[in-house]
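Undergrad: Just a sequence and a predicted model for now, questions to come.
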Amino acid sequence: MKVLDTCVWIEIILASPTGVQLNGLLADKPSILVPSMVQFELRRWALREYEKSRADLIVLALREAVIVQTGERIAFLAADLARTYKLHALDALIYATALEHGAQLVTVDAHFKDLPQVDYKAKVTETTN
């Protein structure tokens, strides 16, 4: 099981060089867990970048994966993780969801780089020839 951080979804949607490399992660959507916090962050981003109808389609695609609601166990674990690793609240909730479900968090955000059960992917930089 994998949890794709919001930044991974955004890179894939934008078809950035990083997103192109990560697109293969979507091949097995039933093995992808989507924390409700990722739904929130992705919808907030999509509404900022696109008209509402396109934003709706973007978040609708998340439903092909497994949506995970934040419950008490995840909330409490997130509070501990936020304190231990100095994570922001939403990041801690997303990370806690991955840990609670024995999943790997896939991210391009460097602040997760050395944490357990994290598959950190450095962003691909375009080179000019």
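TA: Thanks, I have the structure now. Numbering: from 1, shown residues only.
Undergrad: Run through who's touching stretch 59-75.
TA: Identification of contacts with stretch 59-75 by Cβ atoms under 8 Å, 6 or more residues apart in numbering yields 9, 29-30, 32-39, 42-43, 46, 78, 93, 96-97, 100-101. Where C-beta positions appear, they are placed from N, C-alpha and C, glycine not excepted.
Undergrad: Narrow the residues you listed to those that are buried.
TA: 9, 32-39, 42-43, 46, 78, 93, 96-97, 100-101 (16 or more other Cβ atoms under 10 Å).
Undergrad: coming back round to it: which of the contacts of stretch 59-75 fall within helices?
TA: Under the assignment DSSP state H, these contribute 9, 36-39, 42-43, 46, 78, 93, 96-97, 100 to helices.
Undergrad: Including pLDDT and distance to residue 56, could those go into CSV?
TA: What follows is the ones in helices among the contacts of stretch 59-75, written out as CSV (pLDDT from 0 to 100; distance: Cβ to Cβ, whole Å):
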residue, pLDDT, distance to residue 56
9, 96, 15
36, 94, 17
37, 95, 19
38, 96, 16
39, 95, 12
42, 96, 12
43, 96, 9
46, 97, 8
78, 98, 28
93, 97, 23
96, 98, 27
97, 98, 23
100, 97, 28
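Undergrad: buried stuff in the helix or strand of the chain with the lowest mean pLDDT?
TA: Lowest mean confidence among the helices and strands of the chain (mean pLDDT, DSSP states H and E): helix 52-60, at a mean of 92. For helix 52-60, the neighbour count (16+ other Cβ under 10 Å) marks 55, 58-59 as buried.
Undergrad: so, if you compare the residues you listed, which one comes nearest to residue 110?
TA: residue 58 (24.6 Å; Cβ to Cβ).
Undergrad: Would you agree that closest one is in contact with residue 10?
TA: No - here residue 58 lies out of contact with residue 10, judged by Cβ atoms under 8 Å, at a distance of 9.6 Å.
Undergrad: Now the common contact residues for these two.
TA: residue 42.
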